[in-house]
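[1] I would like the atomic coordinates for the input below:
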Amino acid sequence: MKDQAESLRRRLEALQKQTMARTIAVLSGKGGVGKSNFSLNFSIALSKRGKKVLLFDMDIGMGNIDILIGGHSPFSIIDFFENGRSLQEIITAGPGNISIITGGTGLLNLFSLDEVKFARFNEEFSSLMANYDYILFDMGAGITHDSLKFLLCVDELFVITTPEPTSITDAYSAMKYIHSINKEIPCFLVCNRICSSKEGKETIKRLQNAFMKFLDLETVALGYVPDDRTVSKAVTKQMPFILFDPEADVSRAIMDIGTRYANHSFGGDMTLPKGHFLRNMKRYFLGR
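    Next up, the predicted model:
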């Protein structure tokens, strides 16, 4: 057992020395804001910029990513926890050269890791992190006790809102909840379904001002995405809109956001630490 433990320790140390993926949780305060569509198309935008991207569908039971791409993944995270599959085996090749892991009901296992499950997940996820530039977690709408622990672990948060007052209020409430526990996670704002660039800028500015005034929280405006009929057409065809019509306004907007993010040209002087995901999981899931 000692030899096995020492061997595992050495493998993990070697992996940690490699370049590790940046982990991003995409969330919204409420449903219906286009969060999953953003996650999917933003992932493809990064891929088009030469980045290796893994998209993890974290919405329990909904399978929104599968629906948006018109596919059905043969495996999900439940196959990792209950059927002995490796994380590498449950990855599905997605559109635009991205990789996808389906969560489904198996996420309940991920949200309730014990020491044995964590040790296995830790080793295999470390390997994945060494193979990708970005790992995006498309979270379910709102925040639950279980999903909160996960949100506290990632390198960055992307908060998706729309100009609707309820969406703005819910986005603020979600970040207030997270910020009350961890004040250090960088937060990026995206306003979806805007009618004009003026509306997008004003919505994000309103949120930024509220975060700074009441939470003393600095956030980064990542960009805004127009309300475009191309999206509904692409959803009907079960294709990512960035591939369905690359020249559409909405596709150009997502590509612009992806390029700015990949090039770190989003403004501000926010420091962006990374590589603490698994260490944070140990802290928040195992309590040490």
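[2] Tell me where this protein has strands.
    Along the chain, the stretches classed as strands by DSSP state E are 22-27, 53-58, 92-93, 99-102, 134-139, 156-161, 187-194, 220-226.
[3] Packing partners of the longest one?
    Just to be clear, that refers to strand 187-194. strand 156-161, helix 197-215, strand 220-226 (3 or more Cβ pairs under 8 Å, 6 or more residues apart in numbering; DSSP states H and E). C-beta here means a position set from N, CA and C on the backbone, and glycine is covered the same way.
[4] could I get these as CSV with distance to H179?
    Converted to CSV, these look like this (distance: least, Cβ to Cβ, whole Å):
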stretch, distance to H179
strand 156-161, 10
helix 197-215, 5
strand 220-226, 15
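[5] which one of these has the most crowded surroundings?
    Among those, strand 156-161 has the highest mean neighbour count (mean count of other Cβ atoms under 10 Å), at a mean of 26.
[6] tilt between that one and strand 220-226?
    Calculated by axes from the mean of the first three to the mean of the last three Cα atoms, to 10 degrees, strand 156-161 forms an angle of 40 degrees with strand 220-226.
[7] Which other helices and strands does strand 156-161 contact?
    Going by 3+ Cβ pairs under 8 Å, 6+ apart, strand 156-161 lies up against strand 22-27, helix 35-48, helix 165-179, strand 187-194, helix 197-215.
[8] so what strands line up beside it?
    strand 22-27 (parallel), strand 187-194 (parallel) (DSSP bridges).
[9] which residues touch stretch 169-188?
    27-30, 142-143, 148, 151-152, 154-161, 189, 207, 210-211, 214-215, 217, 219-222, 261, 266, 270-272 (Cβ atoms under 8 Å, 6 or more residues apart in numbering).
[10] Among the strands paired with strand 156-161, single out whichever gets nearest to L87.
    strand 22-27 (14.2 Å; Cβ to Cβ).
[11] now the angle from the closest one to strand 53-58?
    40 degrees.
[12] mind starting the numbering at 15 from now?
    Let's use 15 as the start, then, which means that last one is strand 36-41.
[13] From the chain's centroid, how far away is strand 36-41?
    3 Å (Cα atoms, centre = their mean, to the nearest Å).
[14] Stretch 131-138 too?
    Its chain's average C-alpha position is 20 Å from that of stretch 131-138, according to Cα atoms, centre = their mean.
[15] Just want to check the distance between the residue nearest to S181 when sequence neighbours are not counted and Y275.
    Among residues not flanking S181 along the chain, T175 sits closest, at 4.8 Å (Cβ to Cβ, 6 or more residues apart in numbering). Separation of T175 from Y275 (Cβ to Cβ, to the nearest Å) stands at 17 Å.
[16] so what's the residue nearest to S181 up against?
    T175 touches 42-43, 47, 181-182, 184-185, 203-206, 217, 221, counting by Cβ under 8 Å, 6+ apart.
[17] Give me the neighbour count for the residue nearest to N136 when sequence neighbours are not counted.
    Excluding the flanking residues, the one nearest N136 by Cβ to Cβ, 6+ apart is L292, at 5.4 Å. Residue neighbour count, defined by other Cβ atoms under 10 Å, stands at 21 for L292.
[18] quick one: contacts for L292?
    N136, F139, S140, M143.
[19] before we move on, the earlier item: for the residue nearest to S181, list each beta-bridge partner.
    Residues in beta-bridge contact with T175 (DSSP bridges): C205.
[20] Give me the pLDDT value at it.
    On the pLDDT scale, T175 is placed at 97.
[21] One more: the one 4 residues further on?
    In the prediction, the pLDDT value recorded for P179 is 95.
[22] One more: G282?
    Reported pLDDT for G282: 51.
[23] How about L127?
    pLDDT, read off for L127, is 79.
[24] same thing with L121?
    Looking at L121, the pLDDT reads 75.
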